[in-house]
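# how would this look folded up:
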Amino acid sequence: MALRYAIMTALLEDELSGYDLARSFDKSLGFFWHASHQQIYRELRRLKDEGWATGREEPQQGRPDRVVYGLTDTGREALAAWVLEKDRMRLQETKDDFYVKLYNLSPDNIGMITERVQVRREAMMERLYLYERIRRRHYDDPETLPLRRKGVYLALLGGIMSGRQYLAWCDEALELLARASEELEQGPG
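Numbering: from 1, shown residues only. Just a heads-up that it's a prediction; the model follows:
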């Protein structure tokens, strides 16, 4: 997915400054599509140059004016067309150096690998806590949501279920690594 469509999706309901967009992106779409603030600002300029977004200056007291972006009708049409395009299916395709490191598990690095799995488990627990807090606060009764918000709920639910699966993997990995460490300590025999 091109970053532009994630940004356009964020602009569907509200006009946002680049700063506000980057902050909201970090708390929403950013869970599923990572982008730096620089990338977001660069893409906003491109969208404006292509006529898919507007940008208007908004004065601020004691600070430089900010630019607030919104989608144009052409931008909304482009986003709607993109939604209908066939997407690239990535069934849990992952590019993660850590998985390659697992192929190199040895007595010399089993402690470090175990620590890294534990750190990942804790990070996922924090993310799941946030996802669940968002779900309870905004999506407690998905049946009553407007249609677009049902789609957001489904993305959130996918993140929750994927996170739970990742936790299960971490738990199994930690158990296996603990048993392997015990065997190493006992030595051959």
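
# list the buried ones in the helix-or-strand element of the chain with minimal mean pLDDT?
Lowest on mean pLDDT, DSSP states H and E among the helices and strands of the chain sits helix 18-26, with a mean of 78. Within helix 18-26, the residues scored as buried using 16 or more other C-beta atoms under 10 Å are 18, 21-22, 25. From N, CA and C alone the C-beta is placed, and that goes for glycine too.

# Run a quick neighbour tally on the spatially closest residue to A35 that is not a sequence neighbour.
Leaving aside its chain neighbours, A35 sits nearest to L3 (5.2 Å; criterion: C-beta to C-beta, 6 or more residues apart in numbering). Residues near L3, counting by other C-beta atoms under 10 Å, number 20.

# Same check on the one 10 residues further on?
Look at E13: counted by other C-beta under 10 Å, it has 10 neighbours.

# what stretches of the protein score poorly on pLDDT?
Residues of the chain meeting the criterion pLDDT under 70: 1, 26-27, 29-33, 89-94, 189.

# just checking, what packs against the helix ranked longest in it?
For the chain, the helix that runs over the most residues, judged by DSSP state H, is helix 147-186. Helices and strands touching helix 147-186, by 3 or more C-beta pairs under 8 Å, 6 or more residues apart in numbering; DSSP states H and E, are helix 110-138.

# tell me which strands and helices the helix it packs on is in contact with?
helix 97-102, helix 147-186.

# relative to helix 110-138, how tilted is the longest one?
Between the axes of helix 147-186 and helix 110-138, defined by axes from the mean of the first three to the mean of the last three C-alpha atoms, to 10 degrees, the angle is 160 degrees.

# So which bits of helix 147-186 are buried?
Going by neighbour count (16+ other C-beta under 10 Å), the buried part of helix 147-186 is 152-153, 156, 159-160, 163, 166-167, 170, 173, 177.
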